[in-house]
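Peer 1: could you look at this predicted model? Sequence included:
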Amino acid sequence: MESKIDTYFKKLEENQQFSGTVLVAKGEGIILKESYGVTNHTYNIPNTINSKFLIASITKSITAMAIMILEEENKLNVHDTLDKYIPDFLNGDKITIHNLLNHSSGIWGDPNFLDIVKKSHTMDELIDRYKNKPLDFEPGDRFEYSNMGYTLLAYIIEKVSRKKYEEFIKENIFKKLSMKDTGCYRNENIIKDMASGYEKKNNKIINSDIWDFSNFKGSGDIYSTIEDLYKWTEGLVKGKLLSEEYNTKLLEDYGLIYDNFYYGYGKIFYKKNDKIEFFYQDGGLPGFKSIYVIYPPKDLTIILLSNYSFIKTPEIVNRIEEILYKEGPLFEID
């Protein structure tokens with residue numbers, strides 16, 4: 001199976017349809033752990049297993065874990081309302097931490113989002129921009145993806161723990177799982193083995209647009225390696241950071257998105273006959289794509305990290321699954 005999956009990725013690499021790292025694991029064994037493509041097109045430097053990539057919205061899974069750690073320590077409760085932490089936030093008495101975690105808060109979506117992300121803002125500045133806006137819908141009424149919701153969770157983590165978000169997750173998650181090559185990305189920092197991000201325009205691969213990733217604290221600012229992300233998924237599935245009670249709570253679904261897909265705390269679940277078939281979190285930012293998929297019935301984990309923002313991660317995951325099992329796809333693709 002390893003050779004078939006490797007052949008598939010070499011074909012993608014040849015056609016410039018994938019650049020990055022891949023890990024496929026079943027049970028306690030790793031079927032494939034490999035790198036493809038280049039980390040820098042200008043100097044033609046190849047990716048390696050040690051290459052680091054922005055994991056984008058996979059950050060949300062880590063933020064959700066941090067919230068659960070604090071809840072288990074009785075430092076907060078997911079049913080706390082936002083006004084407990086930000087007293088002057090409009091409708092903060094209606095929005096709970098639970099709503100923020102499962103994207104049901106109703107917090108306003110900023111139409112000028114692309115203008116904001118190109119320069120640095122503090123969390124206080126971002127909160128000031130949002131705190132007096134009316135809600136798009138009543139909290140709990142429906143699902144609507146919100147990066148700002150997870151920025152607010154990062155703010156709560158800092159307020160409750162009295163530590164910077166990046167310090168808290170380093171001490172309580174990364175160190176405990178031996179994730180030595182993972183951290184919060186800041187544009188001004190030089191990070192060894194950090195991949196350059198690329199997009200595609202007019203069928204040509206170009207340097208990605210530059211955003212200031214400090215705007216994504218809690219929602220999309222973490223970088224990692226394929227080996228560290230595997231440590232993360234193992235820690236999540238095996239409950240290495242939480243008691244069984246709280247890890248179970250972290251791995252529950254809390255609201256229907258569409259069809260058989262449900263959103264939980266920082267991850268999406270696919271259920272069939274009321275049983276979880278698989279869960280995942282993916283992410284995308286200029287120049288980067290990422291996904292991890294965990295399939296409990298088959299004890300299967302698939303992780304992709306890429307410095308091409310134009311790759312089709314669901315299609316790639318489907319193909320891996322088909323090679324392994326010769327079955328239908330994990331993801332329904334229109």
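Peer 2: That came through, no problem. Numbering: from 1, shown residues only.
Peer 1: all contacts plus neighbour counts: C-alpha atoms, from now on.
Peer 2: Will do.
Peer 1: residues contacting the residue most central in space within the chain?
Peer 2: Centroid-nearest residue in the chain, with Cα atoms, centre = their mean: Ile58, separated by 0.8 Å. Ile58 makes contacts with 219-220, 266, 281-283, 290-291, as judged by Cα atoms under 8 Å, 6 or more residues apart in numbering.
Peer 1: helix, strand, or coil at it?
Peer 2: Of the three states, Ile58 takes helix under DSSP: H, G, I helix; E, B strand; the rest coil.
Peer 1: same check on the one 3 residues further on?
Peer 2: Secondary structure for Ser61, judged by three-state DSSP, is helix.
Peer 1: what is the neighbour count of it?
Peer 2: Ser61 is flanked by 26 other residues according to other Cα atoms under 10 Å.
Peer 1: now Ser19: how far from Trp232?
Peer 2: Ser19 sits 22 Å away from Trp232, going by Cα to Cα, to the nearest Å.
Peer 1: what about the residue nearest to the centre of the chain, distance to Thr48?
Peer 2: Ile58 is 21 Å from Thr48, by Cα to Cα.
Peer 1: and for Leu304?
Peer 2: According to Cα to Cα, Leu304 stands 13 Å off from Thr48.
Peer 1: shared neighbours, the two?
Peer 2: By Cα under 8 Å, 6+ apart, Leu304 and Thr48 have these common neighbours: Thr21.
Peer 1: compare these two (neighbour count), which wins?
Peer 2: Between Leu304 and Thr48, Leu304 has the larger neighbour count (other Cα under 10 Å), namely 25 against 19.
Peer 1: what about the helix or strand hosting that one, distance to the chain center?
Peer 2: Leu304 is part of strand 300-306 when elements are defined by DSSP states H and E. The chain centre lies 12 Å from the centre of strand 300-306; the measure is Cα atoms, centre = their mean, to the nearest Å.
Peer 1: and the helix or strand of the chain with the lowest mean pLDDT, what does it pack against?
Peer 2: Of all helical and strand segments in the chain, the minimum by mean pLDDT, DSSP states H and E falls on helix 113-116, at a mean of 75. Where contact means 3 or more Cα pairs under 8 Å, 6 or more residues apart in numbering; DSSP states H and E, helix 113-116 is not packed against any helix or strand.
Peer 1: now the helix or strand where Thr39 lies: average pLDDT?
Peer 2: Using DSSP H and E, Thr39 sits within strand 38-40. Averaging pLDDT along strand 38-40 yields 97.
Peer 1: touching the following helix or strand past it from outside, list them.
Peer 2: From strand 38-40 onward toward the C-terminus, using DSSP H and E, the following helix or strand is strand 45-46. Residues outside strand 45-46 that contact it (Cα under 8 Å, 6+ apart) are 36-40.
Peer 1: nearest to Glu158 among those?
Peer 2: Nearest to Glu158 among the contacts of strand 45-46, counting by Cα to Cα, is Thr39 at 33.4 Å.
Peer 1: which residues does the closest one contact?
Peer 2: With Cα under 8 Å, 6+ apart, Thr39 has these contacts: 19-20, 45-47, 51, 194-196, 307.
Peer 1: so where is this protein shaky, pLDDT-wise?
Peer 2: Counting by pLDDT under 70, the chain has low-confidence residues at 1, 111, 327-334.
Peer 1: okay, helices next: where are they in it?
Peer 2: For the chain, helices defined by DSSP state H occupy the ranges 2-14, 59-72, 97-101, 113-116, 123-130, 147-161, 165-169, 226-237, 244-250, 313-325.
Peer 1: CA-only coordinates of the shortest one, as PDB, when you get a sec.
Peer 2: What follows is helix 113-116 as a C-alpha-only set of coordinates in PDB (Å, rounded to 0.1, in the frame of the first residue of the first chain):
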ATOM      1  CA  PHE A 113     -11.900  41.200   6.300                       C
ATOM      2  CA  LEU A 114      -9.300  41.200   3.500                       C
ATOM      3  CA  ASP A 115      -8.300  44.800   4.400                       C
ATOM      4  CA  ILE A 116      -7.800  43.900   8.000                       C
END
